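Asks: I would like to see how this sequence folds:
(chains A and B)
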Amino acid sequence: MAEPARVANARELQELEPYPVARGLGDDAALTDRLLSPLWTRSRVWWILFAISGLLALLFVVSATYTIAVGIGAWGNNIPVAWAFAITDFVWWIGIGHAGTFISAFLILLGQRWRASVNRLAEAMTLFALVNAGMFPILHLGRPWFFYWLVPYPATMKMWPNFRSALPWDVAAIATYFTVSLLFWYTGLVPDLATARDRAPGRVRRMVYGAFALGWRGAGRQWRQYRVAYLILAGLATPLVISVHSVVSLDFSIAQLPGWHSTIFPPYFVVGAIYSGLAMVLMLMLPVRRVFHLEDVITRQHLDKIAKLILATGLMLAYSYMCETFIAWYSGDQFERYTYLFARPQGPYAWIYWAMTAANILTPQLFWFRRLRTNVVVLFVASVLIWAAMWAERFVIIVTSLNRDFLPSSWHFYAPSWVDWGLLIGSIGVFFVLFFAFLRWVPFVPVSEVKRLRFETRREAKLEEARGGHAPPEARDASHIRLTEGEE
Amino acid sequence: MSDELRHGYWRSLADLLGAAGLREDALREFPAGVDESPGGMSRRAFMKLLGASAALAGLDACTRAPAEKILPYGRQAPELTPGIPLHYATSMVVGGYATGLLVESHEGRPTKVEGNPEHPASLGAAGVYEQASVLQLYDPYRARNAREGRTPKRWDDFARALGTMPGVQTGASGAGLHFILRPTSSPLTATLVARIRERYPDAQIHFYAPFDGRSGAASSRALFGSALLAQHDFSRARVVLALDSDFMASGPFSLRYARDFAGRRHSGISRVSGTAPGPDMNRLYAVEGMWSPTGTLADHRLRVRSGEVASVAAAVLGTVMKLREGSAGSAAEAVDGALAPVAVDAPAPRAWVDAVARDLVDAAGSGIVIAGHEQTPALHALASALNQVLGNVGHTVWYGASPIIEHGESSHDLAPLLDAMRAGEVQTLVIAGGNPVYDAPADLGFAQAMKSVRHTAYVGMYENETAAACRWFAPESHYLESWGDARAYDGTISLVQPLIAPLYDTRTADELLAVFAGPDGAGGTGAHSLLRESWRDRAGGTFEERGWEAIVGRGLVPDTQAERLSPSLRWSALPSLLAGSARRTDGIEIVFERDPRVYDGSFANNVWLQELPDPATKVTWDNAAVMSPATAAKLGVSTGDVVKISLRGRGLRAPAFELPGHADDAITLRLGYGRDGAEEVARGVGANGYLLRTREAPHVDGPVQVERVLDGGSAERHELATTQMHWRLHGREIIRQTTIDEYRRDPDFTSAQSARQPSLYEPHDYAKGDQWAMTIDLSKCTGCGACMVACQAENNIPVVGREGVLNSREMHWLRIDRYFTGREDEPEAVMQPMLCQHCEKAPCEYVCPVNATVHSRDGLNEMVYNRCVGTRFCSNNCPYKVRRFNWFDYNREIAETVEMVKNPDVTVRERGVMEKCSFCVQRIRRAQTAAELEGRGVEDGEVVTACQQACPTQAIVFGSYTDPDSNIVRSLLEKRSYTVLHELGTSPRVRYLARITNPNPALEGEA
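Replies: Sure thing, here's the model as predicted:
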């Protein structure tokens, strides 16, 4: 029974993707030119998009400056809702930042070589999301100029941060994550920067790329050491994917506030983070793939796999929602019950709660169907929905828990001010300024890795052929080819 | 001497009188604490003034009396040690009655008002107005100089000009000369008035204030033949019937009454607790339309329209007469006839009336029936009759001569003055204080009539509505800058002693009168010598300096209270008093109430008071048309809808407010809002109820027409800035209460909420040294708000303005939560002061990333402002939500005069840091330092927190529980003590004593 099904499945795949990656792009030199061409071409569309992002980023600058000049009073926050938009934005961005490392590091260790085409973009997204995520907690301080007090440094007063609080750990986790992500991204970039150096038209660009390429010559020894370093960094980054958002979740779960005080938070937050990050990867990748005609590099198989990951993480998230609500009811605690059974589903923010629950649980259910997993329009709409709904999820967790807690006398509504909106929308602008700059000046598809992936898949196909008969369909599926030194 | 000052003044006066843009500026609703300062007096100028006024005093004898020695409160060291504040006794006069105070002075700068423990009207407590009065002294919007028309003048010019006005010139008889004074009890003022009358026999002196307690005087005139005021001893009263009377939170003797009532209540409860023997618990019945602090404490509150309270009283009286048949004698017949018109349609359930009557009869001789201060003479007469019949008079109730000069006489009526004004007989009108243009009865048309008077002069603290209507204006001194005297409600003579030289060119009202009374008709003499002189006269010329020092130092003259009288009641006068008083309004009645925050409007420019939530509605920065939800539903309005209230052709707009427990078919409107003077804080805040209030019906009127105001099809809205949006308890055991009988049966009913929660960790040892703790007795808290203002003054708490309160950013370290329980149509109200609970296992502490909130060895949850970076995580994790955040830099742009009110012992917080109740740590440390220097421990009662000190009912007890004989230990050991949110295991150091009520078993199941 299983065999015919598999064959049908394989056949369908074959129709979908006769060759895994970079088919029909000529030899390696042509492929390289093709992948590096965005670096050398000027584009009016790029300028327009960059300018729009720049304006939005300016909105961020204005809002942030106003906040620092006037005080947190510029926002809509109050007592009881002392945390609101800014922390929502923070958690949202840092969650988005999880997908890049997940795709790069996690999948390397799991031998998922298809990641090669998309990892650079995903990693860049991680970095830029982290830049945003890092700004919010500092802006959020009442006295942001003392943010460094959260860092354990040997002060003359011998004052240390309070290690019982999650926040210093948060700072440490984010700083570590940012450092490792940056190194990981940059390390992966070095061979491509060297390629760009070699191919750059004009002396200035050659010098700039040359400087960043750190003297890469492409020697076998360099490649060997590079691969080791890259794997080590992948090994370092992987636990961070788990730990960072776990620590972020502790910002909430160590509090005794109903709606925050929950042991499920670390895995729940990690899953949610990867879920939202994958959605944003898709959201960015689909237009890039289209605009730069990269359908052969970022294939429908890639889309299919990311959609599957979204479905998987979405189901875990749905489980978390149910579990959280069930435990609140099962605990018998009146405050927990009130938050989960009244304040959220029936309270003043009920519409956000229901909209986000529906969007987060129902949208990934589309991806049970392959046709939808590879439908670009569906993917894009779904990813935007999830991207926004995950922001709403953090809003619901933060604001609906705070606005109705223990003593009804202090319950109060929260409404954002223009500065809150300015920071949220502006941070998206900041992201895209960085992202468009990245598209313009950095090889956003890892040239060397794509070439290697193509080489390996072809070789393995040939080997299979030589072993007799035609290659099994799995051989053409890049994901089945292991990526370890020993087997090469 | 004060060029700089005068320069600032000229500029602001020019703005005030001339600039068209001023109104727009003034419409901004920012309080002084947030707004920029209007070119105020600099600290340097202030110091110069202080020094110069002392130096010049000796030279310039025409304008200043010789150096006037003011005296510190007797128990303090007479020498001033820098850094150690001194306390001086003085008195504040509200409504003509004095309350004795002790004012804290830091190097000559008064910063904090406390009650004078020796004064009978205070006993150490201080109410909302007294607490906030110190801010008024430094109010940057106070008037600073005299003027004629728009031309700035000096006070002396003003005094000289007065001498040239018609009726005043040398040789004039005073014809055409009229005065309007505030009702006063001051012996000095009485002397001056007598001297003016002697000198100008044809001059007319009128007294006016919107709340003058005339009804009580009128009733006693009819019943007893002279103006007597009922005095009560609540410490001996077993059953109390309050007829629309908020005797515990408003009125001249409320601080005393609250103390006595609560003391009796507490000893009744603690007898069951086993902590102290005491008499039986008292029982309080309240009949009222609007929630008053007294009503919230009642064991049985009958929700009745104010206009029908007299009917309830009549029904009770009728029943009491029946029950006491035989002993009443001749009274019975008189009463029978008199009650007939009143008792019809009694709105009270028969069972209620019967039960109350029986209870009163059972407690004959130890009961009190008290009528509301502003209620009708009929109700006062009914209360007197009830007390008489019940034999309470001479025991718990007695009468004393009213300390108010000419109380209830025709001079207290403005109508004859208005007639004279309209007839053109008034040539010179001198108004000393008050604000009659704003608050005179609407039907008198006072403002209009003022225009026909050629010579008008006004002395007041602000350029208010009355000042704007007068040609001459001169600024009046604040009481903390004044010498004077007044009587307390019981007649005790109280001294007003200045704490500071006048900040501006101001005089007191007595100094104004001296201009007329003085030998030469101009110039006058300083209030200090006036006072000394009048005292010397009274003491027969042998008054010695030592005696003077003793009374000024103590703030009062002992044994000067009115003689206790038990006059026989003229029953024959009762029918005429009651006749026509049965006004039952068909439709909706309107009740004009004095505001618990701005009084009659005279404190409307005080930002502390504007931001103090109304005890009943929790509304700040506004008044509202308060009505019951049923009435609102009938009218088709909800909270925040603007309604137009029309009464006999006059109308006003005010936002509606639904208040559970308010009487149906009635609207309560607090007075004192809708101001239109140059008081920039007060202007435009709320609706002016005086526009509807008439001479005939100053308390209750109607029927009014109420309709929703439409704004282009949809209802016009005005959001009310309330500090509490939710009043249901949602089944949470935040408030514990039970009846005294239940408590007797099950004294351990709170034990589940008081034992220590189990923990995996070894508990921290909090047994050594001082260990601070507090209890708050919910059986005693009336929710009056005195503690909130006291805390604000003590701890330099900023105000945030209406916008801030709308977004729940008020900064009060101590708030009073008000919950309604029971049936929604007949709810009970419970007040719960909520402040930092100083949890031993504080949730705020472990989440702070920078150790900015930590625990002290003596059990304080400390806030280290310098270390705080403002993550606000502590607030999120505080289950009591008592932490406050400095959203803006609230202290950056306050007027320099307002800087002077800051307590130098308490840090002024900067933007971006958290703050919260510190248990008045500055007071703790001061006491500890003093004790250490003397080589002893801190004694019980040595540390008193600001809230505890202000509390009229002594609901708050504070101290160290390591002292086994302390009050706090006794209080903590009360069986009914519990901690709020005990299940969270926070181990608070603040414990609440469950509310114990004493309902009448005969009214089981009734409200």
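Asks: For the stretch 251-400 of chain A, which residue gets nearest to chain B?
Replies: The stretch 251-400 of chain A approaches chain B most closely through residue A:255 (4.4 Å), counting by CB to the nearest CB. Using the backbone N, CA and C atoms, a C-beta is placed for each residue, glycine as well.
Asks: got the contact list for the nearest residue to that residue once chain neighbours are set aside?
Replies: Of all residues not flanking residue A:255 in the chain, residue B:877 sits nearest, at 4.4 Å (CB to CB, 6 or more residues apart in numbering or on different chains). Each residue near residue B:877 by CB atoms under 8 Å, 6 or more residues apart in numbering or on different chains is listed here: A:255, A:256, A:257, B:843, B:844, B:847.
Asks: do that again at 6 Å, thanks
Replies: By CB atoms under 6 Å, 6 or more residues apart in numbering or on different chains, the contact list for residue B:877 reads A:255, B:843, B:844, B:847.
Asks: what about residue 158, how many residues close to it?
Replies: All of this is about chain A. Close neighbours of residue A:158, defined as other CB atoms under 10 Å in any protein chain shown, add up to 6.
Asks: hm, I was asking about chain B
Replies: When neighbours are defined as other CB under 10 Å, residue B:158 has 23 of them.
Asks: tell me which parts of the stretch 351-500 of chain B are close to chain A?
Replies: Residues of the stretch 351-500 of chain B lying near chain A by CB under 6 Å from any CB of the partner chain: none.
Asks: Please enumerate the strands of the stretch 351-500 of chain B.
Replies: According to DSSP state E, counting those that start in this stretch, the stretch 351-500 of chain B carries its strands in the segments B:367-371, B:397-401, B:428-432, B:455-460, B:472-475, B:484-487, B:493-496.
Asks: by contact count, what packs against the fifth one?
Replies: Packing partners of strand B:472-475 (3 or more CB pairs under 6 Å, 6 or more residues apart in numbering or on different chains; DSSP states H and E): strand B:146-148, strand B:455-460.
Asks: among those strands, which is the most enclosed?
Replies: Highest mean neighbour count among those (mean count of other CB atoms under 10 Å in any protein chain shown): strand B:455-460, with a mean of 25.
Asks: quick one: average pLDDT of that one?
Replies: For strand B:455-460, the mean per-residue pLDDT is 93.
Asks: what angle do it and strand B:428-432 make?
Replies: Put simply, strand B:455-460 runs at 0 degrees to strand B:428-432, going by axes from the mean of the first three to the mean of the last three CA atoms, to 10 degrees.
Asks: related to what we said a few turns ago, got the phi and psi for the residue of the stretch 251-400 of chain A closest to chain B?
Replies: As for residue A:255, its main-chain torsions (degrees, to the nearest 10) stand at phi -70, psi 160.
Asks: if we can go back for a sec, how about the strands of the stretch 351-500 of chain B, which one is nearest residue B:575?
Replies: Residue B:575 lies closest, by CB to CB, to one member of the strands of the stretch 351-500 of chain B: strand B:367-371, at 17.8 Å.
Asks: OK, contacts around the residue of chain B found nearest chain A?
Replies: Using CB to the nearest CB, the single residue of chain B nearest to chain A is residue B:870, 1.8 Å away. Residue B:870 sits next to A:141, A:142, A:143, B:912, B:913 when contact means CB under 6 Å, 6+ apart.
Asks: Tell me, how many residues neighbour the fourth one?
Replies: Pointing back at residue B:912 there. Neighbourhood size, residue B:912 [other CB under 10 Å]: 25.
Asks: That one contacts residue A:141, doesn't it?
Replies: No - assessed by CB atoms under 6 Å, residue B:912 is found out of contact with residue A:141, at 7.1 Å.
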